[in-house]
Structure formats: structure tokens, C-alpha cells
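A.B. asks: below are the sequence and a predicted model for it; my questions follow.
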Amino acid sequence: MKIETLRERAARRAPEDYFVGEVWMQTVAAPEAPSRLSALTVSFAPGARTAWHTHPAGQTLLILSGRCRVQSRGGPVRELGPGDVVRFAPGEEHWHGAAPDQPMTHLAMQEAVDGVTAHWLEQVSQDDYLRPPQD
């Protein structure tokens, strides 16, 4: 058994190359062989979001608080709330972040493939981010 207290898992600012706005990440699980699981709580200020990206083994997000915006390349912007889950297939280009007027925190879960959990692409344009969400 290994226990890590909240004090031992300090939050860190997300890298500006892959995020827009104020975003904080806190590790829940890091891949340790034979496990490939990576899990983080990620907190977004209003308007903050990821860049477009993919995950080699897919990704699952559990929205913990606030309003989350998500989009797959070519698809509509969707808005989710606490308790909602979204799953992205391996290689699916997508982004996610907070709504323009509310912060959001989610639990992000993905597996590492050859030590890689994400492939980062270009930033999401302001026009794409501000598209009205669809049901």
C-alpha cells in the first residue's frame, strides 16, 4: 500500500504551450509498471482550455465541478456538468476546458503508451471556443 496525502501532491501550473488561461493540475496516479494509468485532477479558470490534442490509448474525463466545454475535431461544442463523463477514442483530436463564465474541475484518466499519454497540437481558436454549445 502507498498513501500520498493531499499535502504531498502539490498542484502545479499547466504548461502554457498546451493550455490557454489559468489551469492547475494535480497528479492522482502516475504510470508505474506494470500499470499504465495516469490520472490528474485539472482545474480551469473561466475561459481556460487545453490545446487540441490526442491520447494514444484514449481518455476519460469525469466532471467534478463547474461547467465543462468539450469538442472533437469537426464536431459541435458540447457543455457538461458535475457527474457527466466523456470518453475520447484513441487518436481522437479534441479539446476541453471551462465555460467562459464558470470555473471547472475534472478528473482526467488516460493510459501511457511507450511512456506517452498525450500528443499536443495547435491552440484552439477563440472563435472555435466561443461557438454556442449544442445538446
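C.D. replies: Now that the structure is in, tell me what you want to look at.
A.B. asks: OK, contacts around residue 123?
C.D. replies: 20, 51-52 (Cβ atoms under 8 Å, 6 or more residues apart in numbering). C-beta: built from backbone N, CA, C; applies to glycine.
A.B. asks: equivalent analysis for residue 19, please.
C.D. replies: Here residue 19 is in contact with 48-51 (criterion: Cβ under 8 Å, 6+ apart).
A.B. asks: so which of those residues sit within strands?
C.D. replies: 49-50 (DSSP state E).
A.B. asks: show me which of the contacts of residue 19 is closest to residue 108.
C.D. replies: For the contacts of residue 19, the residue nearest residue 108 by Cβ to Cβ is residue 50; the value is 9.5 Å.
A.B. asks: from what I can see that closest one touches residue 17, true?
C.D. replies: No. If you go by Cβ atoms under 8 Å, residue 50 and residue 17 don't touch, sitting 10.9 Å apart.
A.B. asks: between the two, which one's more packed in?
C.D. replies: residue 50 (24 against 8; other Cβ atoms under 10 Å).
A.B. asks: circling back to that earlier point, just the closest of the contacts of residue 123 to residue 103, please.
C.D. replies: residue 20 (14.2 Å).
A.B. asks: quick one, what contacts the residue lying closest to the closest one once chain neighbours are set aside?
C.D. replies: What sits nearest to residue 20 in space, not counting adjacent residues and going by Cβ to Cβ, 6 or more residues apart in numbering, is residue 49, at 5.4 Å. By Cβ under 8 Å, 6+ apart, the contact set of residue 49 is 19-21, 69, 95-98, 124, 129.
A.B. asks: about what we covered before: quick check: PyMOL command selecting the buried ones in the contacts of residue 123.
C.D. replies: In PyMOL, this line selects whichever of the contacts of residue 123 come out buried by 16 or more other Cβ atoms under 10 Å:
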select buried, resi 20+51+52
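A.B. asks: would you list the contacts of residue 123 in TSV and tack on distance to residue 2 and pLDDT?
C.D. replies: Below are these laid out as TSV (distance: Cβ to Cβ, whole Å; pLDDT from 0 to 100):
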residue	distance to residue 2	pLDDT
20	34	97
51	32	98
52	34	98
